[in-house]
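Trainee: Next comes the sequence, and after it the predicted model I'd like to discuss.
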Amino acid sequence: MVLAKPLTGKNGMVLLGEGTELTERWIERIRDMDVEGIFVDGPSEQSITLDEALARLEERFETVRDKPHMGLIKKVVRNHIEKLYR
């Protein structure tokens, strides 16, 4: 996955540029940033099942389950994932 648009902070400063590959390291850092959302380029065909995608989502958010704002992000991501499989 790569960023389709630059990731900016609340002050408008670019935190990550368009085209940045979202490695595990960057994903972890983004989780710690106070951002409203990101735009990601990705393949049009899914390489894993919906169940696997949702299981991976659960894994990624396991360590932040006590942070309400991360729960909102997780919900948005889950909705997005589900739409990809329709």
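Mentor: Yep, it's here.
Trainee: can we go C-alpha only for contacts and neighbour counts from here?
Mentor: OK.
Trainee: now the one helix or strand His80 maps to, how far from the chain's geometric center?
Mentor: Taking DSSP states H and E as the criterion, His80 maps to helix 68-84. Distance of helix 68-84 from its chain centroid, counting by CA atoms, centre = their mean, to the nearest Å, is 8 Å.
Trainee: helices and strands around it, which ones?
Mentor: Using 3 or more CA pairs under 8 Å, 6 or more residues apart in numbering; DSSP states H and E, the elements in contact with helix 68-84 are helix 50-61.
Trainee: Other residues contacting the helix it packs on?
Mentor: By CA atoms under 8 Å, 6 or more residues apart in numbering, the list of residues contacting helix 50-61 from outside reads Met70, Lys74, Arg78, Ile81, Glu82, Tyr85.
Trainee: rewinding a little: now the angle between helix 50-61 and the helix holding His80, please.
Mentor: Here the directions of helix 68-84 and helix 50-61 differ by 160 degrees (axes from the mean of the first three to the mean of the last three CA atoms, to 10 degrees).
Trainee: how about helix 68-84 as CSV, C-alpha atoms only?
Mentor: Extracted in CSV, the C-alpha atoms of helix 68-84 (Å, rounded to 0.1, in the frame of the first residue of the first chain):
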residue,chain,number,x,y,z
PRO,A,68,-11.7,5.5,22.2
HIS,A,69,-10.3,7.6,19.3
MET,A,70,-8.6,4.5,17.9
GLY,A,71,-11.9,2.6,18.1
LEU,A,72,-13.4,5.2,15.8
ILE,A,73,-10.6,4.8,13.3
LYS,A,74,-11.0,1.1,13.5
LYS,A,75,-14.7,1.4,12.7
VAL,A,76,-14.0,3.6,9.7
VAL,A,77,-11.3,1.1,8.4
ARG,A,78,-13.7,-1.8,9.0
ASN,A,79,-16.4,-0.1,7.0
HIS,A,80,-13.9,0.6,4.2
ILE,A,81,-12.7,-3.0,4.2
GLU,A,82,-16.3,-4.3,4.0
LYS,A,83,-17.0,-2.0,1.0
LEU,A,84,-14.0,-3.4,-0.8
